[in-house]
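[1] can you look at this prediction? I've put the sequence above it.
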Amino acid sequence: MRARMVCVLLASTVLLAGCGADTPEENEGADPPAAGFPVTVTDCDGRETEVSEPPERIVTANGSVLELLLRLGAGDRVLGTGYPPGRGTLPGELDARAQQVPVLGETVIDSETLLGSGADLYISTFVEMHDDTGTFPSDEEMAAAGIDQMVLASSACAPGRDEPQTDLSAVQRDIELLGRLTGTSERAAELVAEMDATLAEVGRTVAGVGEEDRPSYFFFDYDAGTEQPMAVCNRQVGNAVITLAGARNIFADCEADFRPVGWEDVVAADPDWIQLAVRDRGSAEATEAAYDEAEAFLRDFAATAGLSAVREGRFLRVPSEMTTVSGVTNADAVARIARTLHPEAAATP
């Protein structure tokens, strides 16, 4: 493992031990810094560190991070991933490339596998995704294995935000940071520009929709369980997606990222539209079956069967990942939701 000047901080952790600057003797004959490096990284607590070299062996916590790296053109540096994207869930060539990435965990990568992976960087969308044993490698263990850690701030740092997320600027900053870390800044700029173009088109579509005309919207996280619904609150990326699409999140007054609520809260809000949000099931067919299950639950459950959206079938089938996990497809989710909620405006030249 090459010597490194610093370690990338995982949100809400302390500076990893052993990450000091190299001595002059150690630097004699060393290669010059890579173009664009060092890169400064700021964690969720505002602490700044520097990454001295582009990572060469990356492990991604889930398919969403993997997809970002593939879109950036850095997929050849990915050693493996957890929560792999199911076959057919990514578009075109991205799907074929994603299927070639080794799967280190069908869900969370277990600690032993992660520590022994040979990675020099581990990227996650949320803080400390624990394996089946309920553990995550300690900072000391990750440092000893030579693995730096990074989380996407727009997702991981959402609970500590001072204000709601109502746009995708934080997501775009994550993409730009990944571009700098992987030496693909030009491609990152292209991806951000494509998102801006999509959002501008949606903005024109919903520009004439007054606040009072925005339909109310409930993100039904089926995978979080049905006994008690999990609200997408105003600090979460999903709140920005819903807002940009010209809708009103029924839990927009909740100052958190996610929060358990009661079905009575959903019933009291009586949302105009309900997003059936499920996570990738490993295949398009299995994921579609999960959508069917989510809809059947709402139709059969006594508390929700009488909701106007349920009675009139006003459901949207949009993946959880597109809505609540940082990525280029957040803008695509905005467009899909807006076209469904405002079809007349979308059809206007």
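    All right, it came through fine. Numbers count the residues shown, from 1 in each chain.

[2] all strands for this protein, in order.
    In order along the chain, the chain carries the following strands (DSSP state E): 39-42, 48-51, 58-60, 78-82, 103-105, 121-124, 148-151, 216-221, 230-232, 248-249, 258-260, 273-277, 315-317.

[3] can you redo those as CSV with mean pLDDT, distance to Gly179 and mean neighbour count?
    The C-beta positions use only the backbone N, C-alpha and C, and glycine is treated the same way. Shown next, in CSV, are those (pLDDT from 0 to 100; distance: least, C-beta to C-beta, whole Å; neighbours: other C-beta atoms under 10 Å):
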stretch, mean pLDDT, distance to Gly179, mean neighbour count
strand 39-42, 74, 10, 16
strand 48-51, 68, 13, 17
strand 58-60, 96, 14, 28
strand 78-82, 96, 15, 23
strand 103-105, 95, 24, 18
strand 121-124, 90, 13, 26
strand 148-151, 84, 13, 25
strand 216-221, 98, 29, 25
strand 230-232, 96, 27, 25
strand 248-249, 97, 30, 23
strand 258-260, 95, 28, 16
strand 273-277, 97, 28, 25
strand 315-317, 97, 31, 19
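
[4] what's the closest of these to Glu163?
    Glu163 lies closest to strand 248-249 among the strands of the chain, at 14.7 Å (C-beta to C-beta).

[5] so what does that closest one touch, helix or strand wise?
    strand 216-221, helix 237-244 (3 or more C-beta pairs under 8 Å, 6 or more residues apart in numbering; DSSP states H and E).

[6] residues touching the nearest residue to Asp223 once chain neighbours are set aside, list them.
    Closest residue in space to Asp223, ignoring its immediate chain neighbours: Arg279 at 5.1 Å, by C-beta to C-beta, 6 or more residues apart in numbering. Residues near Arg279 by C-beta atoms under 8 Å, 6 or more residues apart in numbering: 223, 319-321.

[7] and of those, the nearest to Arg339?
    Within the contacts of Arg279, proximity to Arg339 (C-beta to C-beta) peaks at Pro319, which comes in at 15.8 Å.

[8] tally of neighbours for the closest one?
    By other C-beta atoms under 10 Å, the residues close to Pro319 number 21.

[9] quick one: which of the contacts of Arg279 is nearest Gly46?
    Glu321 (27.8 Å).

[10] show the pLDDT at that closest one.
    At Glu321, the model reports a pLDDT of 89.

[11] state the distance from it to Ala61.
    Glu321 is 12 Å from Ala61, where distance means C-beta to C-beta, to the nearest Å.

[12] any residues in contact with both of those two?
    Overlap between the contact sets of Glu321 and Ala61, as judged by C-beta under 8 Å, 6+ apart, is nil.

[13] would you map the helices across the stretch 101-250 of the chain?
    In the stretch 101-250 of the chain, the helices defined using DSSP state H, counting those that start in this stretch lie at 111-115, 139-144, 153-156, 169-181, 185-206, 237-244.

[14] which among the contacts of Arg279 count as buried?
    Buried members of these, scored by 16 or more other C-beta atoms under 10 Å, are 319-321.

[15] now render these as TSV, adding distance to Pro84.
    Shown next, in TSV, are the buried ones among the contacts of Arg279 (distance: C-beta to C-beta, whole Å):
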residue	distance to Pro84
Pro319	15
Ser320	15
Glu321	12
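
[16] that concludes my questions; thank you for your assistance.
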